[in-house]
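[1] this one's structure only:
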């Protein structure tokens, strides 16, 4: 009797130990070899270590991406959690639908910005290729008004017009992005306000926190998009203004068949504007007693442009905030009627010099035009003074 009790205890212990495995003692109900199903048993054991939140175990699917990739994704991997059926749960489903629409709109905005950047890059490359060809020809020397250079100048102008058109499109894109930013802000406020609603279960607040994180990421993305657009627009506007002035200077160079260089405004007066804002000067500056340039119009079509450009360019390099006085000087000889004619001709010549300087990029506001007569002058002159 004692032996039978011991055997019963051993047998019962074996049954209890075998209960830890589903197929250790009992045959497979499906008729398959228990050893063959050991692999499937291991797969079941290798479930995610972190349990799913309460109420969402059935809707949870482990992400297929790696941990690093999953962190970089702005959207939670797997399908959206199912509604809990409460009023708050239904509202969450509605707001998630609004978020998906917002993300689609942002993707389209980002694609538009990428396309505009590509167009600007292509137009800029073509523009600088054309300008380089014109500079090489002018540097080597060519005939005044070379039709080949005129054609290239027109092509360069067309590329700048394309960039200007893309800037207008960028402004429209910025307005559209601002509208989407307003929608994102409203959606974020709605999500946060939903926390205060009653009749919500714990799972509702779990889903609300996830939704709030996604909306916050979307808001950050829109802000970054707006900042990049603003920087692009400002940079392109500055670039366009500089290159238009350079093209204007180049048109004068093509007309005369010799190279001048970059616009005077681009080279020095941009610094002068900054300096003028920080330290305003009081009163008028005196013009130097010695003229910077003296242009004598003692024969028709005097070629003074290159010498004038070089002199003014050196002056603004030494003194970025320099201004200039153009003095039309006529001879103080002859009859009164002859003096009047000489004065009129000298003023006309000074106006021509003023136009040349403005074409070279010098602001007209920094040039003062006056007229006088001199007993020592033998012909009409235009004297340029620095002040």
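    That came in fine, so what should we check first? Fair warning: this is a prediction, and the values are worked out from it, not measured in the lab.

[2] need the helices for the chain, in chain order.
    Assigned helices in the chain, in chain order: 2-18, 38-45, 67-72, 87-140, 147-194, 202-256, 264, 270-278, 305-318, 336-359 (criterion: DSSP state H).

[3] want to try a markdown table for those, with distance to residue 373, mean pLDDT and mean neighbour count as columns?
    Bear in mind the C-beta positions are built from the backbone N, C-alpha and C, glycine included. Converted to a markdown table, those look like this (distance: least, C-beta to C-beta, whole Å; pLDDT from 0 to 100; neighbours: other C-beta atoms under 10 Å):
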| stretch | distance to residue 373 | mean pLDDT | mean neighbour count |
| --- | --- | --- | --- |
| helix 2-18 | 126 | 46 | 9 |
| helix 38-45 | 106 | 41 | 9 |
| helix 67-72 | 79 | 33 | 9 |
| helix 87-140 | 38 | 93 | 16 |
| helix 147-194 | 40 | 93 | 16 |
| helix 202-256 | 30 | 89 | 17 |
| helix 264 | 30 | 58 | 25 |
| helix 270-278 | 33 | 46 | 12 |
| helix 305-318 | 22 | 89 | 16 |
| helix 336-359 | 7 | 84 | 16 |
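
[4] Could I get those in CSV, plus columns for distance to residue 369?
    CSV is the format used below for these (distance: least, C-beta to C-beta, whole Å):
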stretch, distance to residue 369
helix 2-18, 111
helix 38-45, 92
helix 67-72, 64
helix 87-140, 29
helix 147-194, 29
helix 202-256, 19
helix 264, 17
helix 270-278, 20
helix 305-318, 15
helix 336-359, 6
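
[5] Indicate which one of those helices is closest to residue 329.
    If you check each of the helices of the chain against residue 329 by C-beta to C-beta, helix 336-359 wins as the nearest, at 6.1 Å.

[6] so what secondary structure elements neighbour that closest one?
    Counting by 3 or more C-beta pairs under 8 Å, 6 or more residues apart in numbering; DSSP states H and E, the packing neighbours recorded for helix 336-359 are helix 202-256, helix 305-318, strand 324-331, strand 367-374, strand 381-386.

[7] could you redo the ones you listed as TSV and give each row distance to residue 136?
    Converted to TSV, the helices and strands packed on helix 336-359 look like this (distance: least, C-beta to C-beta, whole Å):
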stretch	distance to residue 136
helix 202-256	12
helix 305-318	18
strand 324-331	31
strand 367-374	32
strand 381-386	30
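
[8] just to revisit the earlier point, can you tell which of the helices of the chain is closest to residue 385?
    Nearest of the helices of the chain to residue 385, taken as C-beta to C-beta: helix 305-318 at 10.2 Å.

[9] Output the contacting helices and strands for that closest one.
    Looks like helix 305-318 contacts helix 202-256, helix 264, strand 293-296, helix 336-359, strand 381-386 (3+ C-beta pairs under 8 Å, 6+ apart).

[10] Those into JSON lines, with extra columns for distance to residue 322?
    Output for those, formatted as JSON lines (distance: least, C-beta to C-beta, whole Å):
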{"stretch": "helix 202-256", "distance to residue 322": "18"}
{"stretch": "helix 264", "distance to residue 322": "10"}
{"stretch": "strand 293-296", "distance to residue 322": "13"}
{"stretch": "helix 336-359", "distance to residue 322": "12"}
{"stretch": "strand 381-386", "distance to residue 322": "5"}
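
[11] Quick check: residue 134 touching residue 157?
    No - counting by C-beta atoms under 8 Å, residue 157 is not a contact partner of residue 134; they are 11.6 Å apart.

[12] and residue 250, what does it touch?
    The neighbourhood of residue 250, defined by C-beta atoms under 8 Å, 6 or more residues apart in numbering, consists of 131, 134, 135, 138, 153, 260.

[13] For the third one, give its distance to residue 247.
    Just to be clear, that refers to residue 135. 12 Å (C-beta to C-beta, to the nearest Å).

[14] follow-up on the earlier one: can you tell me which of the helices and strands packed on helix 305-318 is nearest to residue 317?
    Nearest to residue 317 among these is helix 264 (9.9 Å), distances taken as C-beta to C-beta.

[15] nearest spatial neighbour of residue 369, skipping sequence neighbours?
    Leaving aside its sequence neighbours, residue 369 sits nearest to residue 326 (C-beta to C-beta, 6 or more residues apart in numbering; 5.0 Å).

[16] Any idea what that neighbour is bridged to?
    Residue 326 has these beta-bridge partners by DSSP bridges: residue 369, residue 384.

[17] ok, how many other residues are close to residue 302?
    13 (other C-beta atoms under 10 Å).

[18] Show me the domain layout of this structure.
    The record's domain split for the chain, according to automatic domain parsing, is 87-256, 277-386.

[19] gap between the two ends of the longest one?
    According to C-alpha to C-alpha, to the nearest Å, domain 87-256 extends 80 Å from its N-terminal end residue to its C-terminal end residue.

[20] Then stretch 311-326?
    Terminal residues of stretch 311-326 lie 14 Å apart, using C-alpha to C-alpha.

[21] and it, how far from the chain's centre?
    Centroid separation for stretch 311-326 versus its chain: 34 Å, with C-alpha atoms, centre = their mean, to the nearest Å.

[22] that older thread, so which of the helices and strands packed on helix 336-359 gets nearest residue 359?
    helix 202-256 (5.1 Å).

[23] ok, the residue most central in space within the chain - contacts?
    Central residue of the chain (C-alpha atoms, centre = their mean): residue 232, 2.0 Å from the mean position. For residue 232, the contact set (C-beta under 8 Å, 6+ apart) comprises 113, 117, 170.

[24] Distance-wise, check the closest residue to the second one other than its chain neighbours relative to residue 344.
    Across the structure, with C-beta to C-beta, 6+ apart as the measure, the residue nearest residue 117 apart from its sequence neighbours is residue 232 (7.2 Å). Noted for residue 232: a distance of 51 Å to residue 344, by C-beta to C-beta.
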